[in-house]
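K.L.:
Fold the following and give me the result.
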Amino acid sequence: MRRWLRLTALAGALITVAAAGTPAASAANTVGNPVLQDCNSHGAITQNFTLAELRHALAIMPASYKQYGNCPDAINAAILRVKAGKTSAPDSSSGGSFLPTPVIIILVVLLLAAVTFGPLAVRRRSAGSGQGPDGGDPPSSTGPPSAAG
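P.N.:
Modelled structure (predicted):
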């Protein structure tokens with residue numbers, strides 16, 4: 001039994017070390033890259049970079065950034081802007097929200113849920129206030145006489 005516990009603990013430790021090492025290895029490539037740092041911290045390219053810097057960042061970008069983030073799209077858009085003779089950072093005059101898009105979506109869903117289920121909860125509470133203990137009709141005073149008489 002003890003041997004089984006040791007093997008389980010060892011396997012858990014190895015899995016933890018392997019899982020902890022994977023993001024560190026992929027993040028090590030981005031530590032010195034200012035393009036990826038800018039994209040990760042702001043969700044977009046906010047500074048001016050050369051075409052070579054942008055292409056290099058796209059080439060060394062970890063797979064997790066490509067799969068789960070919007071940095072590839074932001075860097076490709078910056079590459080197109082540089083090729084068109086503009087700066088890599090987008091114009092600051094464009095309107096935008098101070099909240100990221102996923103936060104806005106979550107807030108809208110919560111608001112819709114509150115609008116939908118709020119009145120239902122109020123209706124249940126107001127309808128349930130006059131009911132008896134069993135959830136049926138309120139107790140009547142014309143019921144059968146009690147045995148305590």
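
K.L.:
and the closest residue to L58 other than its chain neighbours, which of the three is it?
P.N.:
Once flanking residues are discounted, L58 sits nearest to I75: 5.1 Å by CB to CB, 6 or more residues apart in numbering. For glycine as for every other residue, the C-beta is placed from the backbone atoms N, C-alpha and C. Following DSSP: H, G, I helix; E, B strand; the rest coil, I75 is assigned to helix.

K.L.:
now I75: how far from L99?
P.N.:
Distance check for I75 against L99: by CB to CB, to the nearest Å, it reads 23 Å.

K.L.:
cool, and G118?
P.N.:
23 Å.

K.L.:
With neighbour numbers in mind, choose between I75 and L99.
P.N.:
I75 (25 against 11; other CB atoms under 10 Å).

K.L.:
pretty sure that one contacts I45?
P.N.:
Yes: between I75 and I45 there is a contact under CB atoms under 8 Å: 6.6 Å.
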